[in-house]
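Colleague: predicted coordinates and the sequence they were generated for:
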Amino acid sequence: MSKSLNTSSAVWLHIGAGSFHRAHQAWYLHRLIAGGDSRWSIALANIRDDAAPLLNALAEQNGQYVLETVTPQGERQYETITSIRKVIPWDNELAALIAEGAHPQTRVISFTVTEGGYYLDNQFNLDQSNVDIQADLLGGCRTIYGTIAQLLAHRKQLNGDPVTLLNCDNLRHNGERFRHGLMQFLQLRQETALTAWIESHTRCPNTMVDRITPRPSPDVAQRVAQATGFQDRAPVMGEAFIQWVIEDDFIAGRPALENVGVELVASVLPYEEAKIRILNASHSCIAWAGTLLGQNFIHESTGTPAIYQLAYDYVTQDVLPSLTPSPLDLAAYRDVVLERFSNPYIRDTNQRVAADGFSKIPGFITPTLQECYQRGQVPTATAMLPALFFIFMQRWHQHNLPYDYQDGILDAAAVHQMFNSADPVTAFATDEKLFGSLAHSEPFAQLLRQSIDTVNHWLAQ
């Protein structure tokens, strides 16, 4: 069932109906509407059918739901989000999504597909070997590339109006890299005319997004009902902190996002690098380490002195020198991030944050490793992160993780083969997809082996 209200407004189509979008981008658009600017509204869709129950619940609630936010001090606030004015039902051909994207009122198409959903190799080229990409090259729409390609082809045919494509993920240089992947995808399909049209009729600004948003647990709905009286079937919760930085490069207009705290900038690079390397990488470090100690939640792992020290040393010893000079106070940002991770009220799980490690190692961690070596420094602190992930995956191989590990690009057979080999550490250290040029570095391989030994010794204590 599709619900549509206020059809006269410009439409911001978002692909990816998960919690993060509803706690982040939808909140900003809601704040504009609440402030009297109702020129834009959101149409929400999903590529896969796993969000169908959520979409149905939202449709029955006219797109409205309650956002609960909580500070590190435990102060909770509740806000009914009203920016989603159209909920697009899922269908196997994504016909309704594609039709919405082709409509001239749709002027921004944004998406959250997580790092693995871009299917990029360590050189940030399209991974043509992936089965989903192969299916989409034959005309499918399993991935963001197949979906956007079909959508834009339909738009070009119907009206040819320009549109902005906006990433809302933690992929570094996300707009540029998505565009590069899309163009490679279209070249493989020999879509010359569509490629030329996209070149002149779309923009892909780089962005940086930030708000810790765990998967909602059942007690969120209970607190929402108690606080508001609303029996919400699709509530979402997140931390009080929020940030959104966007390169101001929209081709078909945009909401007045600067009026609700979005930072519109010429370049997101310094914000992006600080967030990805300080927040995202240390987040993963804490999740992998905490899981290995048998802990369930990010806040309890951050509160474990040895794990806190791992993350603190990684940022202080290796990341800060890599990102200096910066317009940001990086040490202060580190401290704020670790305070946010310590928030006991978020109850973000190690399982959620530990996911997608095979994308996070090359995206979040390997650049710091490489830059340390380039300036003559041994990245002892940073090497602990892939060492933690190695042992984490060793536990996975042994069917000894306390939860199901989720990774969009996990090659399960290859990982099992690695751990069944005579020297799994060497196989790991020489993986170009993870470590790029460092895969050919004997000093790095030795450092990684030492780091794995250090983690094993730590876990044995």
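Modeller: The structure has been received and is ready for your questions.

Colleague: and stretch 311-326, which residues are buried?
Modeller: Within stretch 311-326, the residues that qualify as buried are 311, 314, 315, 318, 319, 320, 322, 323, counting by 16 or more other Cβ atoms under 10 Å. Backbone N, C-alpha and C define where each C-beta goes, glycine included.

Colleague: hang on, I meant stretch 291-304
Modeller: 291, 292, 295, 297, 298, 299, 300, 301, 302, 303.

Colleague: and the nearest residue to the fifth one once chain neighbours are set aside, how far from residue 97?
Modeller: Put plainly, it is residue 298. Distances taken as Cβ to Cβ, 6 or more residues apart in numbering put residue 348 closest to residue 298, at 4.4 Å, once the chain neighbours are dropped. Look at residue 348 and residue 97: by Cβ to Cβ, to the nearest Å, they are 29 Å apart.

Colleague: the residue nearest to residue 298 against residue 301, yeah?
Modeller: No. Counting by Cβ atoms under 8 Å, residue 348 stays clear of residue 301, with 10.0 Å between them.

Colleague: count the neighbours of residue 442 for me.
Modeller: Close neighbours of residue 442, defined as other Cβ atoms under 10 Å, add up to 9.

Colleague: before we move on, back to that, possible to save the buried residues of stretch 311-326 as a markdown table with distance to residue 420, secondary structure and pLDDT?
Modeller: Shown next, in a markdown table, are the buried residues of stretch 311-326 (distance: Cβ to Cβ, whole Å; DSSP: H, G, I helix; E, B strand; the rest coil; pLDDT from 0 to 100):
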| residue | distance to residue 420 | secondary structure | pLDDT |
| --- | --- | --- | --- |
| 311 | 31 | helix | 98 |
| 314 | 30 | helix | 98 |
| 315 | 35 | helix | 98 |
| 318 | 32 | helix | 98 |
| 319 | 34 | helix | 98 |
| 320 | 39 | helix | 97 |
| 322 | 36 | helix | 96 |
| 323 | 39 | helix | 95 |
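
Colleague: closest one of those to residue 274?
Modeller: residue 323 (6.2 Å; Cβ to Cβ).

Colleague: check contacts around that closest one.
Modeller: By Cβ atoms under 8 Å, 6 or more residues apart in numbering, the contact set of residue 323 is 270, 273, 274, 277, 330.

Colleague: swap in 7 Å and give it another go.
Modeller: Contacts for residue 323 were tallied using Cβ atoms under 7 Å, 6 or more residues apart in numbering; they are 273, 274, 277, 330.

Colleague: what do you get for residue 206?
Modeller: Per Cβ under 7 Å, 6+ apart, neighbours of residue 206: 173, 174, 175, 176, 247, 268, 272.

Colleague: wait, which of those is closest to residue 442?
Modeller: Taking those together and measuring to residue 442 by Cβ to Cβ, the closest member is residue 173, at 30.1 Å.

Colleague: ok so, going back, could I get the buried residues of stretch 291-304 as CSV with distance to residue 263 and secondary structure?
Modeller: Formatted as CSV, the buried residues of stretch 291-304 follow (distance: Cβ to Cβ, whole Å; DSSP: H, G, I helix; E, B strand; the rest coil):
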residue, distance to residue 263, secondary structure
291, 34, helix
292, 37, helix
295, 34, coil
297, 30, strand
298, 26, helix
299, 28, helix
300, 32, helix
301, 30, helix
302, 27, helix
303, 31, coil
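
Colleague: what's the closest of the residues you listed to residue 225?
Modeller: residue 297 (23.6 Å).

Colleague: the closest one touches residue 352, doesn't it?
Modeller: No. Contact criterion Cβ atoms under 7 Å: residue 297 and residue 352 do not qualify, at 10.1 Å.

Colleague: where does this structure dip in pLDDT?
Modeller: For the chain, the stretches with pLDDT under 70 are 1-8.

Colleague: so what are the domain limits for it?
Modeller: Annotated domains of the chain cover 3-265, 269-460 [automatic domain parsing].

Colleague: picking up where we left off before, by neighbours, which of the contacts of residue 206 wins?
Modeller: Neighbour max across those (other Cβ under 10 Å) = residue 174, 25 neighbours.

Colleague: show me the contacts for that one.
Modeller: With Cβ under 7 Å, 6+ apart, residue 174 has these contacts: 167, 206, 207.

Colleague: neighbours around residue 378, how many?
Modeller: Neighbour count for residue 378, taken as other Cβ under 10 Å: 13.

Colleague: quick check, it in a strand?
Modeller: No. According to DSSP: H, G, I helix; E, B strand; the rest coil, residue 378 belongs to no strand; its state is coil.

Colleague: residue contacts, residue 282?
Modeller: Residues in contact with residue 282 (Cβ under 7 Å, 6+ apart) are 311, 314, 315, 337.

Colleague: one step back: now the contacts of residue 174 as JSON lines including distance to residue 124 and secondary structure?
Modeller: Below are these laid out as JSON lines (distance: Cβ to Cβ, whole Å; three-state DSSP):
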{"residue": "167", "distance to residue 124": "13", "secondary structure": "strand"}
{"residue": "206", "distance to residue 124": "13", "secondary structure": "coil"}
{"residue": "207", "distance to residue 124": "17", "secondary structure": "strand"}
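
Colleague: on that earlier part again, of the contacts of residue 323, closest to residue 445?
Modeller: So of the contacts of residue 323, ranked by how close each gets to residue 445 (Cβ to Cβ), first place is residue 277, at 22.6 Å.

Colleague: helices or strands up against the helix or strand harbouring residue 164?
Modeller: Per DSSP states H and E, residue 164 falls inside strand 163-167. The contact analysis (3 or more Cβ pairs under 7 Å, 6 or more residues apart in numbering; DSSP states H and E) places strand 163-167 against strand 106-111, helix 174-188, strand 202-203.
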